[in-house]
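> Sequence and computational prediction follow.
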Amino acid sequence: MSLLLETRELSRRFGSIEALTGVSVRVAPGAIGLIGPNGAGKTTLLRVLLGLVPASSGSAYVFERDAGLEGIRIRERVGYMPEHDCLDPHMTGIGFVAYMGRVGGLPKEAAFQRAHEVLQFAGLREERYRLISEYSVGMRQRVKLAQALVHDPSLIILDEPTAGLDPAGRDGMLTLLRTLAGRPGRSMILSTHLLGDIETVCDQVVMLNLGRLLAAGRLDELKAGGAGELVVRTKGDPTPLVAALERRGIHARLEGLELRFPGPAGGTRSVFEAARDSGTQIRSIGPSVRTVEELFLKLVQPAEAS
Amino acid sequence: MSIRPPEYDRAPPALRPRSARVRAIVEEGVRERTRALNIVLLAFIFIVVLLPLGFIFYFEATFGSLVGSAPSRLSLLDFPFELDFWMFFLILLTASVGAASVAGDRATRALTLYLARPITRTDYLAAKTGVVGIWVGLGAILPGLIGVVILLALGYLSLPVALEGAGGYLLVGLIGTGAFTGLAILLSSLTARSTVAGAGIFGSLIGVHAVVAVLSGISGQSSYLYLSPIEDVLAMAKGVFGVSGNSLDPWVAGAGMVALAGVTLGLAHELLRGAEVVEE
């Protein structure tokens, strides 16, 4: 299967600041979450992928095109929704989205037709004829989403799409994003601090911190620990079970009231035997599945400590 | 009759070339100015409607009869350039139209959206230059052309003189438009505040003109006047229409304006290279 994007030892410096350092990642088409704290290099990575800033060293490819050389060809197939407000308040919603379609290369009639379709999809009906200056925050977010979709891009890049929305608006936006993520042949990069949004929408994730790649891959695999880790919850104190497992060569670590350890070669039998020997009652046992937040914190803390 | 399943999706239309994308920005930019019922329109209407009427009164006062002889007085077509208020309104038009050209997009942060589209920074700048240039050019060229047509129709000018005059207006108007537009785009690229940019455009054109006039008067050296785009336009017009008493070389003045346009647009392009597109 062809890759959506690939970077090879990608670095980008701004003066003495190293925004990206040797980032090598291969990402398949799909819904990709881009995660990282402020200053992680997300923005720089997006700028390089869009062909708007050149790499200091290394290379980046989107749709197997060199971002440094074919930025325009790449941007023809990409829709971008920025985090910040960027709409012309003096234009109507329909006028603005159609105009952005024309700047994206659509013929005038097609641009208006598409603008109506994507605004309808985004949930703006009669309001599309009103001036943007009269819109609420939620309506502006929807117009921003519509302008990113108007030229039917193969990839949409969304920067904090739920920022500033109330709970109902956030739910509505996430529903739209889930619909978009499910479209065949279309991909999405969702850059956000709200890790719950990533979990709701994305099937892959790229994590950055301090300009370096922390992790990348399928979300379910990363959350499962990748190496078949098990998590055990016990009734009462789990410490005797830790000692019993240790005697069987299983190195378990205690995280809160949970024990985590690599799945033993003989399956869960040895775990139950250790529980019997230590007199511990097991409440649950299963593969370790973390939340994205837990995974992120686990990866970020050692990186920051070093 | 064949039965087909309904088609729920259709292929998106082929994208048009970059030139069409630039044209879309120009069209919207020009239209946007017409929506803004402000000083731009007032200045434009004043220049394009009232100035040609001035021609009629001027020629009528000069020759005394409305229709009659067809004098070959090309030098009389320098008339609008001698009117201070015409230049004043042209500067006002440049400042009003040029102020928001790039500064407005920086203020609304729409610049991000433009540069994330499949166009280059050069395309964007070319489009914005086109928007400002069209308005300034119409203000600089149209009154003269309309005036020539009216004078020709009334019999004040012979056809060869009218054609020569129209060519003169085009030449001086285009070069002057380039210089004024370049300056406006550069100053608009320096700030996200349209009012500051507008004041800068107006102030720099008027201010430089005043300073070099004083310097020239004190030192007695007319070469200082080359530094003022306004003096350059007037000098070129005098040269093109064959008016005597020109203290500046019209072709040096013209070359200076072309250089000003090139340098200012080049600087604006460099400023745009540093513009953020995807911001934290």
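Ah, there it is.
> So whichever residue of chain B sits closest to chain A: helix, strand or coil?
Using Cβ to the nearest Cβ, the single residue of chain B nearest to chain A is B:L15, 3.2 Å away. Bear in mind the C-beta positions are built from the backbone N, C-alpha and C, glycine included. Of the three states, B:L15 takes coil under DSSP: H, G, I helix; E, B strand; the rest coil.
> Identify the residues contacting the closest residue to A:R247 other than its chain neighbours.
Once flanking residues are discounted, A:R247 sits nearest to A:A274: 7.5 Å by Cβ to Cβ, 6 or more residues apart in numbering or on different chains. By Cβ atoms under 8 Å, 6 or more residues apart in numbering or on different chains, the contact set of A:A274 is A:L241, A:A244, A:L245, A:R247, A:R248, A:I250, A:T280.
> Over to A:I72?
A:I72 neighbours (Cβ under 8 Å, 6+ apart): A:G51, B:R18, B:P118, B:I119, B:T120.
> If I look at the nearest residue to B:R273 once chain neighbours are set aside, what pLDDT would I see?
Nearest non-adjacent residue to B:R273, counting by Cβ to Cβ, 6+ apart: B:R121, 6.4 Å away. B:R121 is assigned 91 on the pLDDT scale.
> what does B:M257 give?
So, for B:M257, pLDDT stands at 96.
> Would you agree A:E293 falls within a helix?
Yes: according to three-state DSSP, A:E293 belongs to a helix.
> That one: how many residues sit nearby?
14 (other Cβ atoms under 10 Å in any protein chain shown).
> Now it: closest residue in space, sequence neighbours ignored.
Per Cβ to Cβ, 6+ apart, closest to A:E293 is A:L195, 4.6 Å.
> same thing with B:I150?
Nearest to B:I150 is B:P52, by Cβ to Cβ, 6+ apart, at 5.7 Å.
> Now do the same contact list for that neighbour.
So B:P52 contacts B:P143, B:I146, B:G147, B:I150 (Cβ under 8 Å, 6+ apart).
> and B:F180, what element?
Taking DSSP states H and E as the criterion, the element that holds B:F180 is helix B:159-189.
> List the buried residues of that helix.
Across helix B:159-189, burial judged by 16 or more other Cβ atoms under 10 Å in any protein chain shown covers B:161-162, B:164-166, B:168-173, B:175-189.
> Quick one, grab the pLDDT at residue 241.
Using chain A here. 89.
> That was the other one, I meant chain B.
Value for B:F241, per-residue pLDDT: 90.
> That one contacts B:L77, doesn't it?
Yes: counting by Cβ atoms under 8 Å, B:L77 is a contact partner of B:F241 at 5.2 Å.
> more neighbours, those two?
B:L77 (27 against 21).
> now that one: how far from B:I175?
Here the distance between B:L77 and B:I175 works out to 16 Å (Cβ to Cβ, to the nearest Å).
> give the contact list for the residue nearest to A:D66 when sequence neighbours are not counted.
Nearest non-adjacent residue to A:D66, counting by Cβ to Cβ, 6+ apart: A:S59, 6.5 Å away. Counting by Cβ under 8 Å, 6+ apart, A:S59 makes contact with A:T7, A:R8, A:E9, A:L10, A:D66, A:A67, A:G68.
> So A:S59 lies in a helix, does it not?
No: using three-state DSSP, the assignment for A:S59 is strand, not a helix.
> on that earlier part again, tell me how far the helix or strand containing the residue nearest to A:R247 is from the chain's mean position?
Using DSSP H and E, A:A274 sits within helix A:269-278. How far helix A:269-278 lies from its chain's middle: 39 Å, per Cα atoms, centre = their mean, to the nearest Å.
> Run through who's touching the very next helix or strand once past that helix.
Later in the chain than helix A:269-278, the nearest helix or strand by DSSP H and E is strand A:281-287. Residues from elsewhere that reach strand A:281-287, judged by Cβ under 8 Å, 6+ apart: A:224-225, A:228-236, A:241, A:263, A:268, A:271-272, A:275.
> Could you tell me which of these belong to strands?
A:E229, A:L230, A:V231, A:V232, A:R233, A:T234, A:K235 (DSSP state E).
> coming back round to it: could you pick out which of the contacts of B:P52 are located in helices?
B:P143, B:I146, B:G147, B:I150 (DSSP state H).
> Quick check: B:T191 is in a strand.
No: read with three-state DSSP, B:T191 is coil and lies in no strand.
> Wait, it touches B:S101, no?
No: counting by Cβ under 8 Å, B:T191 sits too far from B:S101 to count as a contact (11.6 Å).
> so what pLDDT did A:Q120 get?
A:Q120 is given a pLDDT of 91.
> Name the SS class of it, please.
helix.
> Quickly note the distance from it to chain B.
14 Å (Cβ to the nearest Cβ, to the nearest Å).
> show me the contacts for that residue.
So, once contact is read as Cβ under 8 Å, 6+ apart, A:Q120 ends up touching nothing.
> hmm, try it at 10 Å
When contacts are counted by Cβ atoms under 10 Å, 6 or more residues apart in numbering or on different chains, A:Q120 is found next to A:R128, A:A146.
> give me the beta-bridge partners of the residue nearest to A:D66?
A:S59 has these beta-bridge partners by DSSP bridges: A:R8.
> Quick check: which element contains whichever residue of the stretch 201-306 of chain A sits closest to chain B?
Proximity of the stretch 201-306 of chain A to chain B (Cβ to the nearest Cβ) peaks at A:L208, 12.9 Å away. Element membership for A:L208 (DSSP H and E) is strand A:204-209.
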